[in-house]
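Trainee: Sequence and predicted structure are below.
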Amino acid sequence: MLLLGFRLSVIITALLGLIAGRADAPRVTVDTGTLEGLDTAGVMVFRGIPYAAPPVGELRWRPPQPAAHWSGVRDASKLGHNCVQHQPYSDIDPFAAGVSEDCLYLNVWTPPPASRLPPPASRLPPPASRLPLPVLIWIHGGGFWAGFGGEERHNGAPLAKKGAVVVTLNYRLGPFGFLAHPALASESPHHAAGNYGLLDQIAALQWVQRNIARFGGDPSRVTIFGESAGGMSVGSLIASPLAKGLFQRAILESGPGVGGTGVSPRDTVRAIAFRFAEALGVYGAGADAARHLRALSPDTLLATSLHIGPPGAPRFFPAVDGWVLPHPVDSAIARGTANVVPVIAGTNRDEGDERMGAPTRSFARLMSARGAPTFVYIFSRVGDDSVNRKRGAYHSAEITFVFGRPRPLQPSAGTTAYDSTVAEAMSDYWVAFATSGDPNGQPTAGKWPRWPRYNASTDALLEIGPQIAPRTMVKRAVYDSLDAVARSHGGLRPGPN
């Protein structure tokens, strides 16, 4: 009770601070200074908040360092720079806010204080709305070489209106985020290189622990969620001892980070790092190599990174390094060293059984075997036009609906008569899960079908599409066959028992 009272006092003080600025410009003070954001249609948003120092110069390819303090009031109405990248995907345009190595920024959406405080004359017990809100932290996808937290389809306002504080973030990408060169490992007290992008994500989670109460959020109810590379990042954070205690639930959309995707072996990433450096005229693994690499411009590094592997394919990924990731995700869970929390994991129906469907079931089986409440979904919404009927429920199609947007931003996604229903249901389930670790709580209870808890013997899941209903996994036999092949090659694929 003392802890709850303390948290409430922090929340109420913070909410009063949010009102202190101009009526149209809410303010909040975090551990590095005061921010002035925007009130946008009943949701307060603070953009471009630095959660770490710019990783430039000597800080390139080093763990993120603390952000600098500032005096006065910092404008938090605009996005910070996005991390250095090109544009491999037509639906991700990083250039409006500019790209730079100075890119470690996050954004926060929170309901206004008035919607959370009871009327002044009320003598009723404090309502639930006065308590700190659950926190949803989005980790974007993009193959670990593209993307940014401030994409419009990641707009957190609809989720905030449902009673959550939403955070989105940038993290270093491509060679800036995942170069595992031995010359960099020799500088590290942990003898580890690469995984700088994961360290950025961990730094953002630490920032949330220190500051989110000032936005009305509950640091003891943090859910990390992400899609594709973002989902793989969530899997890596589950496996990382450095992320212990920084989140209490996790959602992995189309990317669990097991089954050979999302986390690479150390030897593989070192070979890629050597190839990259040699393409830049940098040889060896000594201190000179690290110095020469840091002296090169970000444009030179980016351009070279695009020509060391198959065209159109990312080359830099998280890797087992003995520090951030002592073990692959599946091994960490099986060994009992992972951060075991309630999880949602799912895929889109037509994005691939070998790379997505079967590994996601394997992840669900590993987590549920460790006692984690586990919930699995299959997303089956498909646009009504002939092009989309052929395309199917493709990779990334669910993002729009998770964020509660009733229509896709991309016209190429098509439309259906049930789009608004899917958006309402998915965002409700996600907020309910963030609230209690169970997607069947409020605001879902009594409104949507009950989502069955995953059990390896039944392979129960929830279909989200033309119908929202519990199902038995349709592709069980296909996944069983793929698991058998993976086991024959040394893969870790648990069976039904």
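Mentor: Ah, there it is. Residues are numbered from 1 along each chain as shown.
Trainee: Kindly check the end-to-end length of stretch 395-404 for me.
Mentor: In stretch 395-404, first residue to last residue: 18 Å (Cα to Cα, to the nearest Å).
Trainee: which residues are contacting it?
Mentor: Here stretch 395-404 makes contact (Cβ atoms under 8 Å, 6 or more residues apart in numbering) with 91, 141, 153-156, 158-159, 161-162, 225, 227-228, 253-254, 348, 351-352, 356, 379, 381, 407-409, 413, 419, 422-424, 426-427, 430, 464. Glycine gets a C-beta too; all of them are placed from N, C-alpha and C.
Trainee: So Val478 sits against Asp353, correct?
Mentor: Yes. Val478 is within contact range of Asp353, at 5.4 Å (criterion: Cβ atoms under 8 Å).
Trainee: neighbour-wise, which of these two wins?
Mentor: Set side by side, Val478 and Asp353 show more neighbours around Asp353, with 17 against 14, by other Cβ atoms under 10 Å.
Trainee: Now do the contacts for the more buried one.
Mentor: Lys475, Val478, Tyr479, Leu482.
Trainee: out of the residues you listed, which are inside helices?
Mentor: Judged by DSSP state H, helices contain the following of the contacts of Asp353: Val478, Tyr479, Leu482.
Trainee: What number of residues are in the vicinity of the closest residue to the second one other than its chain neighbours?
Mentor: Here the nearest residue to Tyr479 in space, its sequence neighbours aside, is Ala358; by Cβ to Cβ, 6 or more residues apart in numbering that works out to 4.3 Å. By the measure other Cβ under 10 Å, the count of residues near Ala358 is 25.
Trainee: Which pLDDT value belongs to Ala358?
Mentor: In this model, Ala358 is scored at 89, pLDDT.
Trainee: Quick check, it in contact with Asp483.
Mentor: Yes. Ala358 sits in contact with Asp483 when judged by Cβ under 8 Å, with a separation of 6.0 Å.
Trainee: Now do the shared contacts for the two.
Mentor: The contact sets of Ala358 and Asp483 overlap at Arg493 (Cβ under 8 Å, 6+ apart).
Trainee: check contacts around the residue nearest to Tyr479.
Mentor: Ala358 neighbours (Cβ under 8 Å, 6+ apart): Gly259, Val478, Tyr479, Leu482, Asp483, Ala486, Arg493.
Trainee: Ala273: neighbouring residues, count only.
Mentor: The tally of other residues near Ala273 (other Cβ under 10 Å) stands at 28.
Trainee: isn't it right next to Phe178, touching?
Mentor: No. Taking Cβ under 8 Å as the definition, Ala273 is not a contact partner of Phe178, at 9.2 Å.
Trainee: so what's in contact with the two at the same time?
Mentor: Residues touching both Ala273 and Phe178 (Cβ under 8 Å, 6+ apart): Gly194.
Trainee: could you give me the average pLDDT of the helix or strand hosting Thr304?
Mentor: For Thr304, the host element (DSSP states H and E) is helix 298-305. Across helix 298-305, the average pLDDT comes to 96.
Trainee: Need the nearest residue in space to the most centrally placed residue in the chain, chain neighbours excluded.
Mentor: Taking Cα atoms, centre = their mean, the centroid of the chain lies closest to Ile139, which sits 2.0 Å from it. The shortest distance from Ile139 to any non-neighbouring residue, by Cβ to Cβ, 6+ apart, is to Gly226 (3.5 Å).
Trainee: Assumed the one you found was part of a strand.
Mentor: Yes. In this structure, Gly226 lies within a strand as judged by DSSP: H, G, I helix; E, B strand; the rest coil.
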